[in-house]
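J.: Test case, fold it:
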Amino acid sequence: MSATSFEKDIACLDERIKKLHCLVFSNRSTPSCKIFEVVEQAKCTLKEVETRHLVVTLLWKKLPQLQDFLDTEFIQKIKLTDEVKTSLILANEENIRNLSKNLEELKKLQNVVNHPSLKDIPIYSEKLLPLMQIQVDQEAELKDFCARLEQLLVSYNTIINTLSKQFILWNNMVTQCEYAVDSNRVAIE
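T.: Residues are numbered from 1 along each chain as shown. As a prediction, this is how the structure comes out:
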């Protein structure tokens, strides 16, 4: 085996190791969404809908009180003068408009909030808890696996480097022996 073919073999082996390293440690960004991200997004959406549902339900329960306060009979019961009433209304004009808009929006959203599929949100949230635990466990396993893989690759690289050095040493020894044999032949002839 000649030194040039040995160097070609070493270069080929080194190239293969580099390709393997790139395959293992490259940051591949896949356009597809990971299942964990989808589950987490679904969990957040369900929690948000649940909190909104609770707030809207509480506001809906207080709606009769608000209607009583806005009723003209209630204002007459207070027995304020017309000037005071006018100044109160003008002072709170923007608040009254905002309340009116919010009330209209509440009436529109009542069907959405009372939809049967939203009533099961607490059940779905509880069902997501085991999935979240599985995700956390799998992430921990992945970290352990990556650490072990990196350790194995370092060991592999160390072994390959040691073998390469040993092959070079043996090649040098064989070359020296061949040179000695050739020089002995020349001396004998």
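
J.: and the strand or helix carrying Asp14, what does it pack onto?
T.: Element membership of Asp14, judged by DSSP states H and E, is helix 3-25. Here helix 3-25 touches helix 121-188, going by 3 or more CB pairs under 8 Å, 6 or more residues apart in numbering; DSSP states H and E. Every C-beta, even on glycine, is put in place using the N, C-alpha and C of the backbone.

J.: that older thread, what lies in contact with the helix holding Asp14?
T.: Contacts to helix 3-25, defined as CB atoms under 8 Å, 6 or more residues apart in numbering, come from residues Leu149, Leu153, Asn157, Ile160, Ser164, Phe167, Ile168, Asn171, Thr175.

J.: What about the residues you listed, which one has the most neighbours?
T.: Asn171 (17 neighbours; other CB atoms under 10 Å).

J.: What residue, apart from its backbone neighbours, is nearest that residue spatially?
T.: Nearest residue to Asn171, sequence neighbours excluded (CB to CB, 6 or more residues apart in numbering): Phe6, at 5.1 Å.

J.: Count the neighbours of that neighbour for me.
T.: Phe6 has 18 nearby residues by other CB under 10 Å.

J.: Can you say which helix or strand has the most centrally placed residue in the chain in it?
T.: The residue lying closest to the centre of the chain (CA atoms, centre = their mean) is Glu37, at 4.9 Å. Assessed by DSSP H and E, Glu37 sits inside helix 35-70.

J.: now the angle between helix 121-188 and that helix, please.
T.: Here the directions of helix 35-70 and helix 121-188 differ by 160 degrees (axes from the mean of the first three to the mean of the last three CA atoms, to 10 degrees).
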